[in-house]
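Asker: Pasting the sequence and the predicted model now:
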Amino acid sequence: MTSLDTIDLRGLTVFGHHGVFAHERRDGQDFTIDLRLALDTRPAAASDDVADTVHYGELAERVAAIVAGEPVDLIETLAHRIADEVLADQRVARVAVTVHKPHAPIAIAFSDVSVTVHRGRE
């Protein structure tokens, strides 16, 4: 039986130009990303070598490049793109990606809006 452990990366804040409205695309805003990766960390624990696990610093940079990159209308689309990038690492069995849009153009006072997607290997 394979052990699945977790690596969490929370609060990764990146400026991007995503949104349905022209002013969101033009002016941009901060997006905050939370990731939870499910994987077997035993190989890394045994070797004590970062090469045997997901390097969360490098992962943060790849995710930041997606958020700062090509604009999309929906944070759902952004979350799926991030999930696909995380699952490109074959060691990751499952991922939960939450994209927060705390400055969304909502007329009523709110503290946050987010979308979470859960993806795994077939």
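Answerer: Great, that's in hand.
Asker: So which residues of this protein form strands?
Answerer: 5-16, 29-39, 92-100, 114-120 (DSSP state E).
Asker: Redo those strands as TSV? Include mean pLDDT and distance to residue 72.
Answerer: C-beta here means a position set from N, CA and C on the backbone, and glycine is covered the same way. Listed next are the strands of the chain as TSV, based on pLDDT from 0 to 100; distance: least, Cβ to Cβ, whole Å:
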stretch	mean pLDDT	distance to residue 72
strand 5-16	98	9
strand 29-39	98	11
strand 92-100	98	10
strand 114-120	98	12
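Asker: Could you dump those strands into TSV with mean neighbour count and distance to residue 79 added?
Answerer: Supplementary listing: those in TSV, determined by neighbours: other Cβ atoms under 10 Å; distance: least, Cβ to Cβ, whole Å:
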stretch	mean neighbour count	distance to residue 79
strand 5-16	14	12
strand 29-39	19	9
strand 92-100	20	5
strand 114-120	15	4
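Asker: Turn the ones you listed into JSON lines, columns for distance to residue 78.
Answerer: As requested, the strands of the chain are arranged in JSON lines below (distance: least, Cβ to Cβ, whole Å):
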{"stretch": "strand 5-16", "distance to residue 78": "8"}
{"stretch": "strand 29-39", "distance to residue 78": "7"}
{"stretch": "strand 92-100", "distance to residue 78": "5"}
{"stretch": "strand 114-120", "distance to residue 78": "8"}
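Asker: who wins for proximity to residue 85 among those?
Answerer: Comparison of these against residue 85 by Cβ to Cβ identifies strand 92-100 as nearest, at 9.3 Å.
Asker: quick revisit: out of the strands of the chain, flag the one nearest residue 46.
Answerer: Relative to residue 46, the nearest member of the strands of the chain by Cβ to Cβ is strand 5-16, separated by 13.0 Å.
Asker: Alright, that wraps it up for me.
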